[in-house]
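Make a model of this:
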Amino acid sequence: MSLQTLNESTLATAVQTLTERDARLAEIVRDFGPPPLWPREPGFPTLLHIILEQQVSLASAKAAFDRLQEAVNPVTPEGFLQLSDLELKTIGFSRQKTRYGRLLAEEIRTGKLDLAALDRLPDEAVRSVLTALTGIGNWTADIYLLMALRRPDVWPRGDLALAVAMQQLKNLTSRPTFEELEALSLQWKPWRAVAARLLWHLYLSRRG
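Below is the predicted model of the structure:
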């Protein structure tokens, strides 16, 4: 099965399609330029990095991941499992995320989870495989689908930055709930992952 993935060319095409359809998205590109692709390499290090990003700032997650890379390079399941709980705490892993990371590493090390095989699965099947793992919910699975597998029509459920950006974009009096956010995103099918990039671009540009 051939699955569509985003690259710089398809991203540009999708941005053009969306901005022709939605004047507010067009304003983002007019004010801040097109959004980056923000690609990530599929595999254990990226999924572990996304786990670190759960419910913390991207900056603090990156700092922790950078320290992890200093301790284990390259970041492999085997290398991660050799680190003690104390070492991981010093790096920046909470007790909960240490457990999630160990369970993920063990699944890969024993061959129960083959992340490379996810490339060939449709979005919902990837989501089912990942969310069956302890510590990986919809948001983590969706970010992996969107950035590592670069699927074009994934909307990351539960993303706070998107809720803030949507409120700004639509001039809403209150921040939309995650359910309202997902309903609003349907207008951008089949390029919801690109619309998400545009909204993140708005959020980060205004913060900067």
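
use CA for all of it now, contacts and neighbours both
Will do.

for this protein, which spans come out with low pLDDT?
Scanning the chain for pLDDT under 70 picks out the ranges 1-3, 208.

now do 80
Applying pLDDT under 80 to the chain flags residues 1-3, 207-208.

middle-most residue in it, spatially?
The residue lying closest to the centre of the chain (C-alpha atoms, centre = their mean) is residue 143, at 2.1 Å.

what sits against that residue?
50, 156 (C-alpha atoms under 8 Å, 6 or more residues apart in numbering).

Show me the strands in the protein, by range?
Counting by DSSP state E, the chain has no strands to list.

So what does residue 121 have for phi and psi?
Phi and psi for residue 121, reported as degrees, to the nearest 10, are phi -100, psi 150.

The residue nearest to the centre of the chain and residue 197, how far apart?
Noted for residue 143: a distance of 11 Å to residue 197, by C-alpha to C-alpha, to the nearest Å.

how is the protein carved up into domains?
What automatic domain parsing lists as the domains of the chain is 8-38+154-207, 44-148.

how far does the first one sit from the chain's center?
To tie it back to what came earlier, the one meant is domain 8-38+154-207. 14 Å (C-alpha atoms, centre = their mean, to the nearest Å).

do stretch 45-52 as well
9 Å.

Equivalent analysis for stretch 42-52, please.
Chain-centre distance of stretch 42-52: 10 Å, with C-alpha atoms, centre = their mean.

got the buried residues for it?
42-52 (16 or more other C-alpha atoms under 10 Å).

With distance to residue 169 as extra columns, can I get the residues you listed in TSV?
Converted to TSV, these look like this (distance: C-alpha to C-alpha, whole Å):
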residue	distance to residue 169
42	31
43	33
44	34
45	33
46	30
47	30
48	31
49	29
50	26
51	28
52	28
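
Looking at those residues, spot the one nearest residue 190.
residue 42 (22.2 Å; C-alpha to C-alpha).

Now for that closest one: which residues touch it?
For residue 42, the contact set (C-alpha under 8 Å, 6+ apart) comprises 115-116, 144, 148-149.

run the last query once more with 10 Å
Taking C-alpha atoms under 10 Å, 6 or more residues apart in numbering, we find residue 42 in contact with 115-116, 118-119, 144-145, 147-150.

Identify the contacts common to residue 143 and residue 197.
In contact with both residue 143 and residue 197: residue 155, using C-alpha under 10 Å, 6+ apart.

tally of neighbours for the closest residue in space to residue 191 that isn't next to it in sequence?
Using C-alpha to C-alpha, 6 or more residues apart in numbering and skipping the chain neighbours, the partner closest in space to residue 191 is residue 153 (4.8 Å). Neighbourhood size, residue 153 [other C-alpha atoms under 10 Å]: 23.
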